[in-house]
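*Asks:* build the 3D model from these lines:
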Amino acid sequence: MNCYEKIGLQRVINASGRMTALGVSTLSEGVAKAAIEGGSSYVVIDDLIDSAGTIISTYTGGEDSCVTSSASAGIAISVAGLISQGKKSIIERLPYSEGLKNEVVLQKGHVVQFGAPITSMIRLGGGVPIEVGMANSVAEQDVEEAITDKTVALIYIKSHHCIQKGMLSIEKMLEIAHRHNLPLVIDAAAEEDMKKYIALGADLVIYSGAKALEATTSGFVTGKKEYISYCKKQYKGIARPMKIGKEGIMGLLQALEEYEHKDMVKYVASQHEIVSYLIENINKILGCKAYEIQDEAGREIYRCQVKIDEKEVGKTAVQIDKELREGNPSIHCRTHLLTQGMLSFDPRPMVEGDKELVVEKMKKIIEG
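*Replies:* Prediction:
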């Protein structure tokens, strides 16, 4: 029995991924120990933020970094930083930004709901989202014509939530931004490569600590030193309610160190092993066709996707998902393609014994 069951909650099998709604990740012993040690002593927080920024930058290649409570906080903080440029009078009036250079240009296919609207994070920082193009097609001209003397930045959302076709590439957005002497901000919350986007020339890149890194609840912004200095100053303004504690920062730093030495070959192989088990056994269940897919955004993440034959099964994928969540344990799979008759199981969060329980419950729901 885990700690959540002790307070009357269901046991959850996370077959969905690094999802905020399910607590994102679990902590390694090293990360948990670092968080406990961090919470057991006092420190000057501003000094810790500066020191953490220096350390984080050794892993990203950024000139400096600003630790945050989450990637979504990082978006709001980045936007506020670029609008205020460190000016106290502006920091203290945000998110009210009327009359300021405050427009943030993003592609229509990047205007996504990730648990909250991406545009809400921009507005929290005082930004005015300017959506360009169509949901499935954005041209360079769309972005160019949206840039005015009110534009403060361009933002690129690197996520499986986004439309993956018809959008301009990061390289093209960088080219446009820098041609207009504007910064490009990249939301790379769940990305696994901590150096890639800085190396491409991005000005600010935002990561979640709790997703690929499996850190404490945290995040960070990394990039150009001047812009990062603006971000840090937001802790005297809109970032105050988004602040991260000393224990969270120390857990993040330990997670970065562990991630640097992570055996990615072994990590990917373990995904294939679990996915292969699920495919083999789910394909034995009436009306199910299981196969392996790679993450929509091209990350080294592999999942078991299951197509449900509604006529043969007598139930829709939506109904099956509902029944998977009911009872104890409650099994949560990915729901992005439910209305198209597909369930998807992410192996990364699964622990010993989970894959067998997934198959057992699928079989019981469908075959009785």
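*Asks:* surely residue 258 is in a helix?
*Replies:* Yes - counting by DSSP: H, G, I helix; E, B strand; the rest coil, residue 258 is located in a helix.
*Asks:* residue contacts, it?
*Replies:* 28, 30, 31 (Cβ atoms under 8 Å, 6 or more residues apart in numbering). Using the backbone N, CA and C atoms, a C-beta is placed for each residue, glycine as well.
*Asks:* three-state assignment of residue 154?
*Replies:* strand.
*Asks:* in helices, which of the contacts of residue 258 fall?
*Replies:* Counting by DSSP state H, these place 30, 31 in helices.
*Asks:* so which of the contacts of residue 258 is the most crowded?
*Replies:* When neighbours are taken as other Cβ atoms under 10 Å, the top entry among the contacts of residue 258 is residue 31 (25 neighbours).
*Asks:* I figured it hits residue 217, correct?
*Replies:* No - if you go by Cβ atoms under 8 Å, residue 31 and residue 217 don't touch, sitting 11.3 Å apart.
*Asks:* pick out whichever of the contacts of residue 258 sits closest to residue 340.
*Replies:* residue 28 (36.0 Å; Cβ to Cβ).
*Asks:* what's the spacing between that closest one and residue 15?
*Replies:* Using Cβ to Cβ, to the nearest Å, residue 28 is found at 20 Å from residue 15.
*Asks:* before we move on, what about residue 309?
*Replies:* 21 Å.
*Asks:* tally of neighbours for residue 103?
*Replies:* Neighbours of residue 103 (other Cβ under 10 Å): 21.
*Asks:* who does it form a beta bridge with?
*Replies:* Judged by DSSP bridges, the bridge partners of residue 103 are residue 128, residue 151.
*Asks:* got it, and the one 10 residues further on?
*Replies:* Assessed by DSSP bridges, residue 113 has beta-bridge partners residue 117.
*Asks:* check the offset of the longest helix along the chain from the chain's centre.
*Replies:* When the chain is scanned for its longest helix (criterion: DSSP H), the result is helix 264-282. Distance of helix 264-282 from its chain centroid, counting by Cα atoms, centre = their mean, to the nearest Å, is 23 Å.
*Asks:* start at 5, not 1
*Replies:* Taking 5 as the first residue, the last one we looked at is helix 268-286.
*Asks:* and that helix, what does it pack against?
*Replies:* strand 292-298, strand 306-312, helix 358-371 (3 or more Cβ pairs under 8 Å, 6 or more residues apart in numbering; DSSP states H and E).
*Asks:* tabulate those (JSON lines), appending mean pLDDT, distance to residue 230 and mean neighbour count.
*Replies:* Conversion of the helices and strands packed on helix 268-286 to JSON lines gives the following (pLDDT from 0 to 100; distance: least, Cβ to Cβ, whole Å; neighbours: other Cβ atoms under 10 Å):
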{"stretch": "strand 292-298", "mean pLDDT": "94", "distance to residue 230": "38", "mean neighbour count": "15"}
{"stretch": "strand 306-312", "mean pLDDT": "95", "distance to residue 230": "40", "mean neighbour count": "22"}
{"stretch": "helix 358-371", "mean pLDDT": "94", "distance to residue 230": "46", "mean neighbour count": "17"}
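*Asks:* for the contacts of residue 262, which one is nearest residue 157?
*Replies:* Of these, the one sitting nearest to residue 157 (Cβ to Cβ) turns out to be residue 35, at 32.4 Å.
*Asks:* phi and psi next, for the closest residue to residue 277 other than its chain neighbours.
*Replies:* The spatial neighbour of residue 277 that comes closest, neighbours along the chain excluded (Cβ to Cβ, 6 or more residues apart in numbering), is residue 351 at 8.0 Å. Note on residue 351: backbone dihedrals following degrees, to the nearest 10 are phi -80, psi -20.
*Asks:* I'd assumed residue 299 was in contact with residue 351.
*Replies:* No - look at residue 351 against residue 299 with Cβ under 8 Å: they stay out of range, at 11.8 Å.
*Asks:* more neighbours, those two?
*Replies:* residue 351 (23 against 15).
*Asks:* what sits against the more buried one?
*Replies:* So residue 351 contacts 19, 274, 275, 277, 278, 279, 282, 306, 307, 308, 359 (Cβ under 8 Å, 6+ apart).
*Asks:* this protein: strands as residue ranges?
*Replies:* 16-19, 68-72, 107-111, 132-136, 155-161, 188-191, 208-212, 223-227, 292-298, 306-312, 334-337, 346-349 (DSSP state E).
*Asks:* who does the second one pair up with?
*Replies:* Using DSSP bridges, the neighbouring strands of strand 68-72 in the sheet come out as strand 223-227 (antiparallel).
*Asks:* residues making contact with the strand it pairs with?
*Replies:* 57, 60-61, 64, 66-78, 81-82, 193, 198, 202, 206-214, 232, 235, 256.
*Asks:* now it: how far from the chain's centre is it?
*Replies:* The answer for strand 223-227 is 13 Å, by Cα atoms, centre = their mean.
*Asks:* same check, this time on stretch 307-321
*Replies:* Distance, centroid of stretch 307-321 to centroid of chain: 28 Å (Cα atoms, centre = their mean).
*Asks:* just give the nearest non-adjacent residue to residue 217, would you?
*Replies:* Distances taken as Cβ to Cβ, 6+ apart put residue 259 closest to residue 217, at 4.5 Å, once the chain neighbours are dropped.
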